[in-house]
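K.L.:
need a 3D model of the sequence below.
(one chain, ligands or ions: 1)
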Amino acid sequence: MGEETLLLNPGPVVLDQRIQDALAQPMISHRSKAFEAVYDDVRDGFRYVYTNSRTDGRQSDWDGEIVLINATATLGMDAGVANFVGADDSVLACINGNFGLRFAQIAERHAAVDRYEIPWGESFDVDALTETIQDGDYDMVTMVHTETSTGLRNPIHEVGQVVAETDALFVVDGVSSIGGERIHPADWSIDVSVVDAQKAVAASPGVCSVFLSQKAIDRLSEEQTYFYGDLHRHLGRAERSQTPFTSAVTLFYGLQAAHEIIQDLGMDAWLKRHERYAAGWERAATAMGLELFARPSGSSDFANTVTAINLPDAVRNDPEPFFAKLREQNVFVGGGHAHLSGDIFRLGTMGSLEPADLDAGLVAIGNAFAQYEGLELDIEASRDALADTVN
Ligand SMILES: Cc1ncc(COP(=O)(O)O)c(C=O)c1O
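P.N.:
Okay, here's the model as predicted:
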């Protein structure tokens, strides 16, 4: 790694050199034919990712539409909610981490919200949740696929099918999942999902993509109170391969290159790399004597894009030196959000990371732990476990 920054946090991620070169291309007009071609490539790239991530490797017969918005994912979440519900509507927000909470906070600005909240990192009991959805007469159910704040993958495949039997729309935060996790958009009845350029498609922050099912499109009203995130307006412009407002041209170039990289490798191999790296972090943590934070049960599981690890007590008592030592080595990991601050650290698997980068990160983590007197963690066993899994 030398003097370079190693981003092991779950976004923004290390950029492949092809993306960095793409970002440096000359500016063009966002109303030119040249830009429309870039726009089409980026939208086709997202369609490729979304429809080729099934577990069985087959292509999904998803027939929805994609809009590209100049913004990070929170605006996509905002648009995914605000375009569909108003003061007379009710939303069930499923919360087991910080981003589930964010969905609730967004929805509360627009509609009546029931928070279905369990402790962060715990798995939803799908039977109990099913009863709540069936009894609730909701207009919308929100759920995060991979909770980046806890490293848990939620069972959207089961919940989507329950929501599909009601009138509600199923709105999914796929921000850190799409591109890194298996997903069946049609079979799982996902109506709206959001992904960010800076996560598992491994581009730079600043553009998000909103995937809309036909059911969602049919519910879109032309009269929106929401201006920038008006999805009806975005869809209209998307038909002409443009964004309604000035496009973040440079970031679109970056995304175009990111999608080329994924397609050159093939979606299955791209997904498998995330799966292998996540297994690597899990085995490395266990070999070191540490525990993962998330508590998967039922069909929930550890995420493939981010691994949250409990810090040992000695570090919890005084976490700053741990994170400071990592920063000093130019290695960035995620910390805990909100009440988890100082209790956990989070390692991503997304971005242009080679096995050697993961190993370098592990060595840096070992150095950060070594500052704590009496804390004996077997870093060499951890490196071996990582190497056995990721190479
Ligand atoms: C699951 C999830 N949802 C939403 C977001 C929000 O993204 P941003 O704060 O960049 O808008 C993030 C960012 O880390 C995320 O991981």
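K.L.:
output the below-cut-off pLDDT ranges for the stretch 1-150 of the chain.
P.N.:
Counting by pLDDT under 70, the stretch 1-150 of the chain contains low-confidence residues at 1-3.
K.L.:
which residues of it fall in helices?
P.N.:
Along the stretch 1-150 of the chain, counting by DSSP state H, counting those that start in this stretch, helices occupy 17-23, 33-51, 73-82, 98-108, 126-136.
K.L.:
tell me the buried residues in the second one?
P.N.:
This means helix 33-51. By neighbour count on 16 or more other CB atoms under 10 Å, the buried set for helix 33-51 is 35, 38-39, 41-43, 45-47, 49-51. Glycine gets a C-beta too; all of them are placed from N, C-alpha and C.
K.L.:
same deal with the first one?
P.N.:
By 16+ other CB under 10 Å, the buried positions in helix 17-23 come out as 19, 22-23.
K.L.:
try stretch 52-61
P.N.:
Residues of stretch 52-61 classed as buried: 52-54, 60 (neighbour count, 16+ other CB under 10 Å).
K.L.:
nearest to the ligand, of the residues you listed?
P.N.:
Nearest to the ligand among the buried residues of stretch 52-61: Ser53, at 16.5 Å, using CB to the nearest ligand atom.
K.L.:
excluding chain neighbours, what is closest to the closest one?
P.N.:
Ile183 (4.7 Å; CB to CB, 6 or more residues apart in numbering).
K.L.:
now Asp173, nearest residue through space, not along the chain?
P.N.:
Nearest residue to Asp173 in three dimensions, chain neighbours excluded: Val144, at 4.1 Å (CB to CB, 6+ apart).
K.L.:
swap in Asp88?
P.N.:
In space, and not counting its chain neighbours, Asp88 is closest to Ala111: 7.9 Å by CB to CB, 6+ apart.
K.L.:
got phi/psi on that neighbour?
P.N.:
As for Ala111, its main-chain torsions (degrees, to the nearest 10) stand at phi -150, psi 180.
K.L.:
and Gly298, what does it touch?
P.N.:
The contact partners of Gly298, taken as CB atoms under 8 Å, 6 or more residues apart in numbering, are 123-126, 155.
K.L.:
in which helix or strand would I find the spatially most central residue of the chain?
P.N.:
Geometric centre of the chain, nearest residue: Ser176, 1.0 Å, by CA atoms, centre = their mean. Under DSSP states H and E, no helix or strand contains Ser176.
K.L.:
ok, now how distant is it from the ligand?
P.N.:
Distance, Ser176 to the ligand, using CB to the nearest ligand atom, to the nearest Å: 4 Å.
K.L.:
just to revisit the earlier point, among the contacts of Gly298, which two are most distant?
P.N.:
Asp125 and Pro155 (10.1 Å; CB to CB).
K.L.:
those two: which is more packed in?
P.N.:
Taking neighbours as other CB atoms under 10 Å, Asp125 and Pro155 compare with Pro155 leading, 19 against 13.
K.L.:
retrieve the pLDDT associated with that one.
P.N.:
With respect to pLDDT, Pro155 scores 98.
K.L.:
which residue packs closest to it, ignoring adjacent ones?
P.N.:
Of all residues not flanking Pro155 in the chain, Ser299 sits nearest, at 4.5 Å (CB to CB, 6+ apart).
K.L.:
interface residues of this structure facing the ligand?
P.N.:
Residues of the chain found near the ligand (CB under 6 Å from any ligand atom) are 11, 72-74, 99, 144, 148, 173, 175-176, 196.
K.L.:
do that again at 8 Å, thanks
P.N.:
Contact residues, the chain versus the ligand (CB under 8 Å from any ligand atom): 10-11, 71-77, 99, 102, 144-149, 173, 175-177, 194, 196, 198-199, 205, 208, 306.
K.L.:
list the helices and strands the strand or helix carrying Asp388 packs on?
P.N.:
Asp388 is part of helix 379-390 when elements are defined by DSSP H and E. When contacts are defined as 3 or more CB pairs under 8 Å, 6 or more residues apart in numbering; DSSP states H and E, helix 379-390 packs onto helix 267-287, helix 355-370.
K.L.:
would you check how far apart the nearest residue to Thr389 once chain neighbours are set aside and the ligand are?
P.N.:
Among residues not flanking Thr389 along the chain, Gly280 sits closest, at 4.0 Å (CB to CB, 6+ apart). Note on Gly280: its distance to the ligand, by CB to the nearest ligand atom, is 20 Å.
K.L.:
domain map for this protein?
P.N.:
Domain assignment for the chain by automatic domain parsing gives 6-12+267-390, 17-265.
K.L.:
contacts for the strand or helix carrying Phe211?
P.N.:
Assessed by DSSP H and E, Phe211 sits inside strand 207-212. Strand 207-212 is contacted from outside by 42-43, 46, 50, 62, 64-73, 75-76, 79-80, 174-175, 178, 185, 190-197, 220, 231, 234-235, 248, 251-252, 255, using CB under 8 Å, 6+ apart.
K.L.:
the closest residue to the ligand within the stretch 151-300 of the chain: neighbouring residues, count only.
P.N.:
Here the stretch 151-300 of the chain gets closest to the ligand at one residue, Val175, 3.6 Å apart by CB to the nearest ligand atom. Neighbour count of Val175, defined by other CB under 10 Å: 28.
K.L.:
redo the buried residues of helix 33-51 as TSV? Include distance to Ile344.
P.N.:
Below are the buried residues of helix 33-51 laid out as TSV (distance: CB to CB, whole Å):
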residue	distance to Ile344
Phe35	42
Val38	39
Tyr39	39
Asp41	38
Val42	34
Arg43	36
Gly45	33
Phe46	31
Arg47	35
Val49	29
Tyr50	30
Thr51	34
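K.L.:
now for the residues you listed: which two are most distant?
P.N.:
The most distant members of these, if one measures by CB to CB, are Phe35 and Thr51, lying 24.3 Å apart.
K.L.:
look up the closest residue to the residue in the stretch 251-391 of the chain positioned nearest to the ligand, ignoring the ones flanking it.
P.N.:
Of the stretch 251-391 of the chain, the residue with the smallest distance to the ligand, taken as CB to the nearest ligand atom, is Val306 at 7.9 Å. In this structure, Val306 finds its nearest non-sequential neighbour in Pro10, 4.0 Å apart by CB to CB, 6+ apart.
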